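[1] have a look; sequence and predicted model below, questions after that.
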Amino acid sequence: MTIAYLNGDYLPVTEARISPLDRGFLFGDGIYEVIPCHQGKTIGFSAHMDRMGEGLEALEIASGMSAEDWLEVVNQLLQQNATFIPSGYIGIYLHVSRGTDTRRFHAYPKDLSPTLFAFAFELANPPKCDRDEVKGLRVALAQDRRWQRCNIKSTSLLGNVMHYQHSYQSGLDETILFNAGEEVTEASSCNVFAVINGEVVTPSLDHQLLPGITRKITLQALQTANIPHRERPLTVTELKQADEVWLTSASKEISPVTEIQGQPVGNGKAGPVWYEALTAFNTIKFSA
């Protein structure tokens, strides 16, 4: 049984309780982050805090927590859950909802105390930096049906959940999404990269996709390793014809996609550029 944090208290996660009138429960009215931690070290903590701050500002929620306050929560959860998650690969989920109202009303009042929640969970081991041993991902394609503010890491994730379910019930690992113009946006819980004619391409940031922290660190790693890369629109046709495709997220780091819609990507194995990128990523991820 892991230990969670709720509004200033540390307690077993099974004992954490919120009101059914919490707007996070009723409306998905909140912001969240997932911070990956390996052997007690956080990855991209400052960037996660910046993104959380931007999301809270966009939703007009004042958490009352500084980055230093959240770091203390993260460190406490790492310490208190070390025996429950002995692998040392831990995700810390941070959640801020607008708080508990006295009625269900769409417009939000200005005087609510936000609900602050965090818990620890075990992450899968990071991908092996080995082209022969790494697990290749098999993905589906689907038109993006989510709302038009995907750049905000809102707790309202029904669209993402439905897209992920599409792949899960088909025995696949993810669903890569595209817009009405057949341009790739992102996957249901990951950002997308493709290697095209020796250049790494990832969709430019806009309201259609989340500015992923692992995405950001991956771009820094590509720069460090002098790997040609560019942010630009990426079409579905280009994706299907790419030499390599990767998904990036806090839990997947940089994972190679080896099959799209039942068709192999490249030669159906993790590619050489992926290996270079992950090697560079591993050298900077704790300092990025």
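    Good, I have the coordinates.
[2] could you use CA atoms for every contact and neighbour count after this?
    Fine.
[3] residues in contact with stretch 152-159?
    The contact list for stretch 152-159 (CA atoms under 8 Å, 6 or more residues apart in numbering) reads 24, 27-33, 52, 55, 58, 145-147, 210.
[4] what do you get if the cut-off is 7 Å, keeping everything else the same?
    With CA atoms under 7 Å, 6 or more residues apart in numbering as the test, stretch 152-159 has contacts from 28, 29, 30, 31, 32, 55, 145, 146, 210.
[5] helices - which of those residues land there?
    Applying DSSP state H to these, the entries found in helices are residue 55.
[6] in the stretch 1-150 of the chain, what spans have low per-residue confidence?
    Residues of the stretch 1-150 of the chain meeting the criterion pLDDT under 70: none.
[7] can you say which of the contacts of stretch 152-159 are buried?
    28, 29, 30, 31, 32, 55, 146, 210 (16 or more other CA atoms under 10 Å).
[8] can I get those in CSV with distance to residue 200?
    Putting the buried ones among the contacts of stretch 152-159 into CSV (distance: CA to CA, whole Å) gives the following:
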residue, distance to residue 200
28, 35
29, 36
30, 34
31, 30
32, 29
55, 28
146, 26
210, 19
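[9] take the contacts of stretch 152-159 and keep only those in strands.
    Taking DSSP state E, the ones among these that sit in strands are 30, 31, 32.
[10] quick one: the strands in the stretch 1-150 of the chain?
    3-6, 9-12, 30-38, 41-42, 89-97, 115-122, 137-143 (DSSP state E, counting those that start in this stretch).
[11] assign a three-state SS to the closest residue to residue 137 other than its chain neighbours, would you?
    Closest residue to residue 137 apart from its sequence neighbours, by CA to CA, 6 or more residues apart in numbering: residue 257 at 4.4 Å. Following DSSP: H, G, I helix; E, B strand; the rest coil, we place residue 257 in the strand state.
[12] didn't residue 257 look like it was pressed against residue 136?
    Yes. With contact defined as CA atoms under 7 Å, residue 257 reaches residue 136; the gap is 5.3 Å.
[13] okay, these two: which has more neighbours?
    residue 257 (27 against 19; other CA atoms under 10 Å).
[14] against residue 282, how distant is that one?
    19 Å (CA to CA, to the nearest Å).
[15] quick one: contacts for the residue nearest the centre of the chain?
    Nearest to the geometric centre of the chain sits residue 249, at 4.6 Å (CA atoms, centre = their mean). Contact analysis of residue 249 by CA under 7 Å, 6+ apart lists 190, 191, 212, 214.
[16] just residue 258 next, same as before
    Here residue 258 is in contact with 136, 137, 138, 264, 265, 268, 269, 270 (criterion: CA under 7 Å, 6+ apart).
[17] export those residues to a markdown table and tack on distance to residue 163?
    Converted to a markdown table, the contacts of residue 258 look like this (distance: CA to CA, whole Å):
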| residue | distance to residue 163 |
| --- | --- |
| 136 | 20 |
| 137 | 16 |
| 138 | 14 |
| 264 | 21 |
| 265 | 21 |
| 268 | 24 |
| 269 | 25 |
| 270 | 25 |
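[18] which of these are buried? Put it as a ChimeraX command.
    Provided next is the ChimeraX selection string for whichever of the contacts of residue 258 are buried by 16+ other CA under 10 Å:
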select :136,137,138,264,265,268,269,270
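[19] show me the contacts of residue 258 that map onto helices.
    Residues of those located in helices (DSSP H): none.
[20] helices of the stretch 151-288 of the chain, residue ranges please.
    158-168, 213-224, 236-241, 272-284 (DSSP state H, counting those that start in this stretch).
[21] to residue 88, which of those lies closest?
    helix 272-284 (16.3 Å; CA to CA).
[22] mean confidence for the closest one?
    Mean pLDDT, computed over helix 272-284, is 98.
[23] what's the answer for stretch 192-199, then?
    For stretch 192-199, the mean pLDDT works out to 97.
[24] only alpha carbons, please: show that stretch as PDB.
    C-alpha atoms of stretch 192-199 as PDB (Å, rounded to 0.1, in the frame of the first residue of the first chain):
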ATOM      1  CA  VAL A 192       5.500  11.600 -31.900                       C
ATOM      2  CA  PHE A 193       8.800  11.800 -33.700                       C
ATOM      3  CA  ALA A 194       9.700  10.500 -37.200                       C
ATOM      4  CA  VAL A 195      13.000  10.100 -39.000                       C
ATOM      5  CA  ILE A 196      12.700  11.200 -42.600                       C
ATOM      6  CA  ASN A 197      15.700  11.200 -45.000                       C
ATOM      7  CA  GLY A 198      18.100  11.400 -42.000                       C
ATOM      8  CA  GLU A 199      16.300  14.200 -40.300                       C
END
